[in-house]
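Enquirer: No letters, just coordinates:
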Ligand SMILES: Nc1ncnc2c1ncn2[C@@H]1O[C@H](COP(=O)(O)OP(=O)(O)O)[C@@H](O)[C@H]1O
Ligand SMILES: [Mg+2]
């Protein structure tokens, strides 16, 4: 699937900007803070209806404006738009998001999935060494793009979790627990968690079965199961904590490399060099591209956001080798990072500061 044009209005630092992608590769050149990452993020937004990182919807709207609009047109002429608007009343500010496909309003679960993308940015290195929330986001960012059931499950699960945590908070304060109130949310939590866990498990299996040419590793899925029995087991602790202590929102995955004989494994977070951590992420990106293509039968768009200053020449070559397989959008501070053969066949777009 190809994205042919992108139009941003009051999105982050963009007041109004239009981009056309005629060729398979586009190179976006701009100095720091010119909006390269915001640009990359806008494409993820059109694919999923949400950001790839934790952020407030209000932050998407250009400072001192009230309405942001992102639109994109795909190869088959499908037009996707997201409108984010700030509505202020006397008491508070609410942010509303609207999703449109060819001008028709959709819920997010139905808006997402018209095309898919994989972003590779320097912050991705934190996935290995950072907190578990980053690794859960890696799973969600991928699975939400390719699987409507997964999207639906995460949306319902997140809502049920919020409601249930609010109930627990009240129990903590009042000391009274009304079982009837919990039943509904517990069921929602358990049923949707089962979908999320199963699909995460399938992706982990895909990673482990993948033949890894750049760097070999194995992923362990540390899943937090939520069932009636587990909720009962954690009942007291939950009231103390005021939050739900089990479920996929507490999942983690870890990446381990092998010793020479492939007999023992070592956590890359603790034992991998910085270089090995980079190779792990690079390999993961190739796996993500391949997983998406397998599930939706189409190649996703590859977006490389300003990664060249982070990588040595060997790694840069590996990354540039990935470009020719699908639509690719590359942002960089300096054109010189990019091979002249690639530049010659690419749309080059300069961002001004
Ligand atoms: N809501 C917003 N309104 C206006 N400017 C914003 C908003 N959000 C971020 N920015 C600005 O966007 C710029 C950063 O853009 P970014 O895409 O990270 O640049 P780059 O990746 O090219 O270094 C910063 O100057 C930041 O202040
Ligand atoms: Mg950036």
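Expert: Looks like it came in fine. All values derive from a computational prediction rather than experimental measurement. Numbers count the residues shown, from 1 in each chain. Ligands and ions are numbered 1, 2, ... in the order given.
Enquirer: CA atoms for contacts and neighbours, from now on please.
Expert: Noted.
Enquirer: and residue 11, how many residues sit next to it?
Expert: If you count neighbours by other C-alpha atoms under 10 Å, residue 11 ends up with 25.
Enquirer: who's in contact with it?
Expert: 60-62, 68-70 (C-alpha atoms under 8 Å, 6 or more residues apart in numbering).
Enquirer: what about 10 Å?
Expert: By C-alpha atoms under 10 Å, 6 or more residues apart in numbering, residue 11 lies in contact with 17, 38-39, 42, 59-63, 65, 67-70, 83-84.
Enquirer: So what sits opposite it in the bridge?
Expert: residue 14, residue 61 (DSSP bridges).
Enquirer: Per-residue pLDDT of it, please?
Expert: Residue 11 is assigned a predicted lDDT (pLDDT) of 98.
Enquirer: How about residue 353?
Expert: Reading off the model, residue 353 has pLDDT 67.
Enquirer: Tally up the residues packed near the residue in the stretch 101-250 of the chain positioned nearest to ligand 1, please.
Expert: Nearest to ligand 1 in the stretch 101-250 of the chain, going by C-alpha to the nearest ligand atom, is residue 121, at a distance of 9.8 Å. Neighbours of residue 121 under the rule other C-alpha under 10 Å: 18.
Enquirer: likewise residue 178?
Expert: Neighbour number of residue 178 under other C-alpha under 10 Å is 9.
Enquirer: now do the one 4 residues further on
Expert: Using other C-alpha under 10 Å, the number of residues around residue 182 comes to 14.
Enquirer: what are the phi and psi values for it?
Expert: Taking degrees, to the nearest 10, you get phi -80, psi -30 for the backbone angles of residue 182.
Enquirer: Kindly report the same for residue 351.
Expert: The phi/psi pair for residue 351 (degrees, to the nearest 10) is phi -90, psi 140.
Enquirer: doesn't residue 37 make contact with it?
Expert: No - here residue 351 lies out of contact with residue 37, judged by C-alpha atoms under 10 Å, at a distance of 11.7 Å.
Enquirer: what touches both of the two?
Expert: With C-alpha under 10 Å, 6+ apart as the test, residue 351 and residue 37 both reach residue 331.
Enquirer: could you pick out which of the contacts of residue 11 are near ligand 1?
Expert: For ligand 1, the contacts drawn from the contacts of residue 11 by C-alpha under 6 Å from any ligand atom are 38, 59-63.
Enquirer: Next, the buried residues of the least confident helix or strand in the chain by mean pLDDT.
Expert: Least confident helix or strand, the chain: helix 313-321 with a mean of 86, by mean pLDDT, DSSP states H and E. The neighbour-count check on helix 313-321 (16 or more other C-alpha atoms under 10 Å) flags 315-316, 319 as buried.
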